[in-house]
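> The sequence and its predicted three-dimensional model are supplied below.
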Amino acid sequence: MFGINVRQKAWSAGLIVLFFVAWELFCLVTGMSDLVLPRPSQVFVTLWQRFPVLWPHIVQTLATTMLGFVLGVALGVALGAIIGVSKTAYDTCYPLLIGFSSIPKVAVVPIFVLWFGSGTVPAVLTALSICFFPIVVNIATGLATTEPELEDVLKALGASKFDILWNVGLPRTMPFFFASLKVAISYAFVGAVLSETVASNRGLGNVMMSASSNFNVPLVFASLFVLAALGVALYVVFSLIEGRVTGWATRKNDVIAT
């Protein structure tokens, strides 16, 4: 099994390298202008040269994203638990959540700026407003999949609704929860960068807007590469934690793979 995992990771790394090589060759063969699509080598050189300047903006975007993400997780878990255990809450809140989620967040950013001014707060709120919805849906779905027969047995043994929720419902939602985290962190980055492009003088979103206005396309792509790397790194972290916490849910697949 270890050898299989190593080969899979080697294939994945090889395909990523192949993607960048194909990109580089495409730009060289077609004579693509840097203003349209810079070569990966140019992007990496720009990233290396401008990294000291980019670093404060990277920290700003990462901090804003993580704060909005943490708040979104807390709100999503609370709402998901309420909706998952209460039919009344489901009928009342779920349509409102669907309606709010359907609103383009680019239309919400000016409202946050009007209320709180430009800067960090609108970025945090935009990240929160985008990332909490998948968490709500997955937590509510996980609680809804608890077998009624199991709940009846626990009630017959004297367990309260809170006992059932704490000892059975929430643990059963862990696979759903971690699946939503890996989606929500990407959404949080989208929300933070979206707000920074509109109403901030710091962060990678602001860097990309300034670079675009100066036709510095390699710097725009360098910022995109940084965002992609941050997203992948956090995805890997959550995947590792998921493997530790929900190993019971994936054990069957591991046995089949062996």
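Right, received. Where do you want to start? Numbering: from 1, shown residues only.

> Low-confidence ranges, the chain, go.
Along the chain, segments meeting pLDDT under 70 span 1-6, 9, 146-169, 247-258.

> residues in contact with the residue nearest the centre of it?
For the chain, residue 185 is the residue whose C-alpha lies nearest the centre (CA atoms, centre = their mean; 1.8 Å). By CB atoms under 8 Å, 6 or more residues apart in numbering, the residues touching residue 185 are 65, 69, 131, 231, 234-235, 238. (Each C-beta comes from the backbone N, C-alpha and C, glycine too.)

> swap in residue 58?
Neighbouring residues of residue 58 by CB under 8 Å, 6+ apart: 204, 226, 230.

> Sort out for me which of those are in helices.
204, 226, 230 (DSSP state H).

> out of the contacts of residue 58, who has the most neighbours?
residue 204 (27 neighbours; other CB atoms under 10 Å).

> Quick check: closest non-adjacent residue to residue 66.
Distance criterion CB to CB, 6 or more residues apart in numbering; nearest residue to residue 66, sequence neighbours excluded, is residue 188 at 7.7 Å.

> now that neighbour: how far from residue 12?
Here residue 188 is placed at a distance of 25 Å from residue 12 (CB to CB, to the nearest Å).

> And the two? Which one has more around it.
residue 188 (30 against 10).

> Show me which positions of whichever strand or helix holds that one end up buried.
Following DSSP states H and E, one finds residue 188 within helix 174-199. Neighbour counts over helix 174-199 (16 or more other CB atoms under 10 Å) mark 175-199 as buried.

> before we move on, what about stretch 45-52?
46-47, 50.

> What segments of the protein are helices?
2-30, 40-85, 87-102, 109-116, 120-144, 148-156, 161-164, 170-172, 174-199, 204-213, 217-245, 247-257.

> ok, for residue 40, nearest residue in space, not its chain neighbours?
Closest to residue 40 by CB to CB, 6+ apart is residue 20, at 4.7 Å.

> Number of residues surrounding that neighbour?
14.

> Quick check: the gap between it and residue 201.
Taken as CB to CB, the span from residue 20 to residue 201 is 32 Å.

> cool, and residue 227?
Between residue 227 and residue 201 the computed distance is 18 Å (CB to CB).

> How about residue 74?
With distances taken as CB to CB, residue 74 is found 29 Å from residue 201.

> higher neighbour count, these two?
The residue with more neighbours, out of residue 74 and residue 201, is residue 74; 13 against 10, by other CB under 10 Å.

> is it true that residue 143 touches residue 86?
No - using CB atoms under 8 Å, residue 143 is not in contact with residue 86; the gap is 10.0 Å.

> Which one's more surrounded, those two?
Between residue 143 and residue 86, counted using other CB under 10 Å, residue 143 has the larger neighbour count: 23 against 14.

> Leaving aside the residues adjacent along the chain, what's closest to that one?
Distances taken as CB to CB, 6+ apart place residue 84 nearest to residue 143, at 2.9 Å, with adjacent residues excluded.

> wait, what's in contact with the one you found?
Counting by CB under 8 Å, 6+ apart, residue 84 has contacts 90, 139-144, 169, 173.
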